[in-house]
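> test case, fold it:
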Amino acid sequence: MNKLQPSPFLEKAQLKAFAVGFLFLSGYWIFGYDGITFSDDVYYLLAGKKFWSGEMEVNDYHFSSRWGAYVPAGLIGYLFGFDAHTISLISLISYLFTLFLLLKILPKSVPAWVLVLWFCTQVYFLHFLTKVYPDSLLIFFVCLVPVAACYRNTKPVFSGCMLVLALFLGFLTKETSILLGPFPMLLLVFDWKKKEISTAFYLSILVAGIVLLSIYLGYFWIKFGDPFHRISSINAGHYISEFTYADKGLWSMLRRLTVLPILTFIERSYWPWLVFALPGIALGLRSKKTPSFEFSLTFLCLLVGFWLMSSTLEFYNPIYLNPRHLIILIPILAMLIALGWNEWQNSKKWRMYIIALLAFGAIISSAQMDWKMAGFQLALVVAVVVYHTKFQPIVFAGILVAPALLAIPYQQNLKQYDFMIETLTKEIQSSGNQSFLLTNDFLEFSDQVLFPDDEISQKKLNGLESLSSWNESKADTIKLVLYSYYLHAYPQEQEEIDRVLLKLEQLGYSLKKEESDGVLWKGIYVKELK
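Predicted coordinates:
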């Protein structure tokens, strides 16, 4: 077992690496913001605001009891103002604390720069650095589980309580943490085989688990009359949709349980992290040494869970592999990559495995005509081939950092978030009593975040669905303002737009003027006089 650092501070090399990671993540948070995602983040932003104003009520909607997701975020908004970018500071804090935690547990013999580099450069991981989602906060609690386990022999009671607390707070943040439920039991089995069981550690897990579980179930029993109300609300919140498999036939289910996870890892840039982590995973499982063993076990629990877990207990339906959900893998993988870094460099066999797997990913990406992803993986192949160069850190840094930085202007140009709000504001202000402003449903859904404390603008903003209830014309003019971002994020909304255009024709409106201004298209429809 590797000796863990007794000091709460980092070693000099680790401190320098942390400083670089701190500056990079902070800079990315400042300059990489591209606006909200017009989705679940809207709920968490508003829920946090309501909580700290004393208006939040836990109800049947399962998001409402994710206190860990919106209470800390809401505190940032309460202290510094209700601004989506400012509130996402909680994600930056979570990332930085996680990085510090990993560096603290990293053996001195392992290059700290490797951990920081692979921690800070995955594009999806960075994308949600500037967002308010439970996944961003969950990464800290997920990493705290194996870290706590590493101290089970030196600080058994504290370690056991901390592990249970991490699982508990993680579950309060998002149910994904349940994937680590088997971790303590598997750890017990391996410790039993090694005859190194710490009775105090496992007893503290049992006692702390019973206490916290009793408090949790007791709360729902008192409030809703059912201690398992939370489970019922989760089942109700995961219904048949375009992202489910149980309702789409045997082939859909089989594809999801076999090839789809691999394709997702490749398409969403997780593949290189998985490939380079393999030596560290093998080292951990073979040597059973701390911390490589604990992190290998954590990763396997997460991987098997993501691959096989059902979204509901009422019937088996494998969860949709949303790339956002997978970001909790990145810190664990970054740690394993660092722990196994010297393994593949000193083994021709490992280098061949890594090259073959990266080439496989590049072939899949090429078949999908995703040339950027194919090029990214091939560049890493070259880096492995020339691994012995003294410029190795620079080579890997260049390959990994470039896509992360290029993603900033790409996303900002795609969304043009500030311009959209500014232009939409002008359209709202120019809308009179005889005109009706119609826009994308996801913009109406986000109106309280886009126009905080501006009830007039919120009221004037109407989603596409609002026109479906019209049986006759209710305004002389209808101003249809469409945000082109829907083509990227919500392409299914095109069907709703087509229905709206048909409805306008049926109600006797005709297009009198149209104009395109950047990412916004505006059409003026006037009621025809008979």
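
> for the chain, what are the low-confidence residue spans?
1-8, 237-240, 529-530 (pLDDT under 70).

> redo that, cut-off 50
1 (pLDDT under 50).

> residue contacts, the closest residue to G305 other than its chain neighbours?
Of all residues not flanking G305 in the chain, L179 sits nearest, at 3.1 Å (C-beta to C-beta, 6 or more residues apart in numbering). Using the backbone N, CA and C atoms, a C-beta is placed for each residue, glycine as well. Listed by C-beta atoms under 8 Å, 6 or more residues apart in numbering, the contact partners of L179 are C301, L302, V304, G305, F306, M309.

> number of nearby residues for the second one?
Counted by other C-beta atoms under 10 Å, the residues lying close to L302 total 22.

> helix or strand for it, which one?
Secondary structure assignment for L302, by DSSP states H and E: helix 292-308.

> ok, G35 next?
Counting by DSSP H and E, G35 is part of no helix or strand.

> that one: neighbour count?
There are 22 residues near G35, going by other C-beta under 10 Å.

> which ones are touching it?
A84, K415, Y417, D418, M420.

> at 7 Å what do you get?
Contact analysis of G35 by C-beta atoms under 7 Å, 6 or more residues apart in numbering lists K415, Y417.

> ramachandran angles for it?
phi 100, psi 180 (degrees, to the nearest 10).

> that one and V132: what is the separation?
12 Å (C-beta to C-beta, to the nearest Å).

> same question for F224.
27 Å.

> look at those two and report which has more neighbours.
The residue with more neighbours, out of F224 and V132, is V132; 32 against 16, by other C-beta under 10 Å.

> can I assume the more buried one sits in a strand?
No - applying DSSP: H, G, I helix; E, B strand; the rest coil, one finds V132 to be coil, outside a strand.

> that one reaches A73, doesn't it?
Yes - counting by C-beta atoms under 7 Å, V132 touches A73, with 4.9 Å between them.

> find the residues that touch each one of the two.
Contacts common to V132 and A73, judged by C-beta under 7 Å, 6+ apart, are Y44, I87, I90.

> can I get those in TSV with secondary structure, distance to F97 and neighbour count?
Formatted as TSV, those follow (DSSP: H, G, I helix; E, B strand; the rest coil; distance: C-beta to C-beta, whole Å; neighbours: other C-beta atoms under 10 Å):
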residue	secondary structure	distance to F97	neighbour count
Y44	helix	19	24
I87	helix	17	29
I90	helix	11	23
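
> distance to Q345 added to these, as TSV?
TSV is the format used below for the shared contacts of V132 and A73 (distance: C-beta to C-beta, whole Å):
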residue	distance to Q345
Y44	42
I87	42
I90	37
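
> tell me the one of those nearest F445?
Nearest to F445 among the shared contacts of V132 and A73: Y44, at 13.3 Å, using C-beta to C-beta.

> please name the residues that touch the closest one.
By C-beta under 7 Å, 6+ apart, Y44 lies in contact with A69, Y70, A73, V132, Y133.

> in the helix or strand containing the third one, what counts as buried?
This means A73. For A73, the element it lies in under DSSP H and E is helix 67-80. By neighbour count on 16 or more other C-beta atoms under 10 Å, the buried set for helix 67-80 is W67, G68, A69, Y70, V71, P72, A73, G74, I76, G77.

> I'd guessed the last one sits against K50; true?
Spelled out, that is G77. No - G77 is beyond contact range of K50, at 10.4 Å (criterion: C-beta under 7 Å).

> centre of the chain to the longest helix along the chain, how far?
Ranked by residue count and defined by DSSP state H, the top helix of the chain is helix 199-224. Mean-position distance between helix 199-224 and its chain equals 28 Å (C-alpha atoms, centre = their mean, to the nearest Å).

> elements contacting it?
helix 156-173 (3 or more C-beta pairs under 7 Å, 6 or more residues apart in numbering; DSSP states H and E).

> contacting residues around the helix it packs on?
Contacts of helix 156-173 (C-beta under 7 Å, 6+ apart): 66-69, 134, 137-138, 141-142, 144-145, 148-149, 151-152, 177-178, 180, 184, 198, 200-202, 204-205, 208-209, 212.

> just the buried ones from those, in ChimeraX syntax?
Selection of buried members from those for ChimeraX, criterion 16+ other C-beta under 10 Å:
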select :66,67,68,69,134,137,138,141,142,144,145,148,149,151,152,177,180,184,198,200,201,202,204,205,208,209,212
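
> K390: what secondary structure?
coil.

> report how many residues lie close to it.
6.

> what's the spacing between it and L180?
Distance from K390 to L180, by C-beta to C-beta: 40 Å.

> what's the local residue count around L504?
21.

> give me the element it is part of.
Per DSSP H and E: helix 493-506 holds L504.

> going by neighbour count, list what's buried in that helix.
Those would be E493, E496, I497, V500, L504, for helix 493-506 by 16+ other C-beta under 10 Å.

> could you dump those to a markdown table with distance to I231?
Output for those, formatted as a markdown table (distance: C-beta to C-beta, whole Å):
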| residue | distance to I231 |
| --- | --- |
| E493 | 33 |
| E496 | 34 |
| I497 | 38 |
| V500 | 39 |
| L504 | 45 |
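
> what's the closest of the residues you listed to M253?
E493 (27.6 Å).

> okay but the closest one is in contact with S484, surely?
No - counting by C-beta under 7 Å, E493 does not reach S484; the two are 11.1 Å apart.

> what ranges does the stretch 201-350 of the chain have for its helices?
229-237, 250-257, 259-267, 271-287, 292-308, 329-339, 341-345, 348-367 (DSSP state H, counting those that start in this stretch).

> out of the ones you listed, flag the one nearest K522.
Judging the helices of the stretch 201-350 of the chain by C-beta to C-beta, what sits closest to K522 is helix 259-267, at 34.5 Å.

> tell me what the closest one is packed against?
helix 348-367.

> do that again at 10 Å, thanks
helix 250-257, helix 271-287, helix 292-308, helix 348-367, helix 371-385 (3 or more C-beta pairs under 10 Å, 6 or more residues apart in numbering; DSSP states H and E).

> in the fourth one, what counts as buried?
Spelled out, it's helix 348-367. W350, R351, Y353, I354, I355, L357, L358, G361, A362, I364, S365.

> what count of nearby residues applies to the closest residue to H229 other than its chain neighbours?
Leaving aside its sequence neighbours, H229 sits nearest to F220 (C-beta to C-beta, 6+ apart; 4.4 Å). As a burial measure, F220 scores 19 neighbours (other C-beta under 10 Å).

> returning to what we had before: any common contacting residues for G77 and K50?
With contacts taken as C-beta atoms under 10 Å, 6 or more residues apart in numbering, G77 and K50 have Y70 as neighbours in common.

> list the contacts of the closest residue to V385 other than its chain neighbours.
Nearest non-adjacent residue to V385, counting by C-beta to C-beta, 6+ apart: I355, 7.1 Å away. Contact analysis of I355 by C-beta under 10 Å, 6+ apart lists V275, W344, L380, V381, V382, V384, V385.
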